[in-house]
Structures are given as structure tokens and as C-alpha cells.
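Asker: with the sequence up front, the predicted model follows.
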Amino acid sequence: MSKERHDEYMARMTAEEKLIASEKQIGGNHYKDRVIQPIDYIVKNNLDFLEGNVVKYITRWREKGGIEDLKKARQYIDFLIKKEVEKSK
């Protein structure tokens, strides 16, 4: 069984489903006042898991996790650096 890629899934969704998905937040309201939802930015820019988590934690750190979210963002940046360094060897 082949897995559907995220971009294929998003293309298949209707405009209404996309709107509902990006406007519905489960577990808090730390993104509600953002002009651009992190998930929309991540998807539209084809960011991978590591990059997406950096965006997520940097976006919400003041409203949700404070210094802990900054540390999480830094950890994902460190993962990215390690991945890129290993790729260049």
C-alpha cells in the first residue's frame, strides 16, 4: 500500500476542508491572532518536519511555552545543522 504524499492530500481537499482545518485549533488558542497560521506557512513553503517544528515553536513561544519552546526550537535547529553537516561529508 502506497502512502499519499501531503501535497497530494492537500490538493485533494476542498477549499472548505482546507479552511476549516487551518482555522480549527485543538488544545489552546496560542495561534488564533496570527495573520498566517504556522501550518499554512509550513505547507505552502514545503518545509520538512524539522523546519516546521522550528516555525511552530518560534511562533508560539510567547503565548504558550516560553523559554521551553525556544529551547525546543533550538533543538530542532541543531538537528537541522547536524543533518546538513552529515550530508556535506
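Answerer: Done, it's in. Numbers count the residues shown, from 1 in each chain.
Asker: tell me how many other residues surround R5.
Answerer: Residues near R5, counting by other CB atoms under 10 Å, number 9. To be clear about C-beta, it is placed using only N, CA and C from the backbone, and glycine gets the same treatment.
Asker: give me the mean pLDDT for the helix ranked longest in the chain.
Answerer: In the chain, taking DSSP state H as the definition, the longest helix is helix 67-87. In this model, helix 67-87 has an average pLDDT of 97.
Asker: what helices or strands is it leaning on?
Answerer: For helix 67-87, the packing partners by 3 or more CB pairs under 8 Å, 6 or more residues apart in numbering; DSSP states H and E come out as helix 49-60.
Asker: surely Y57 touches I67?
Answerer: No: the pair Y57 / I67 is not scored as a contact, 11.0 Å apart, by CB atoms under 8 Å.
Asker: low pLDDT regions in the chain?
Answerer: Scanning the chain for pLDDT under 70 picks out 1-4, 6, 10, 14-32.
Asker: now the residue nearest the centre of it, nearest residue through space, not along the chain?
Answerer: Per CA atoms, centre = their mean, the C-alpha nearest to the average position across the chain is that of G52, at 3.4 Å. Closest residue to G52 apart from its sequence neighbours, by CB to CB, 6 or more residues apart in numbering: I42 at 4.2 Å.
Asker: the one you found sits in which helix or strand?
Answerer: helix 38-44 (DSSP states H and E).
Asker: if we can go back for a sec, the residue nearest to the centre of the chain and S88: what is the separation?
Answerer: Using CB to CB, to the nearest Å, G52 is found at 22 Å from S88.
Asker: helices or strands up against the helix holding I42?
Answerer: helix 15-23, helix 49-60.
Asker: any idea how far the last one is from the chain center?
Answerer: In this case it means helix 49-60. 5 Å (CA atoms, centre = their mean, to the nearest Å).
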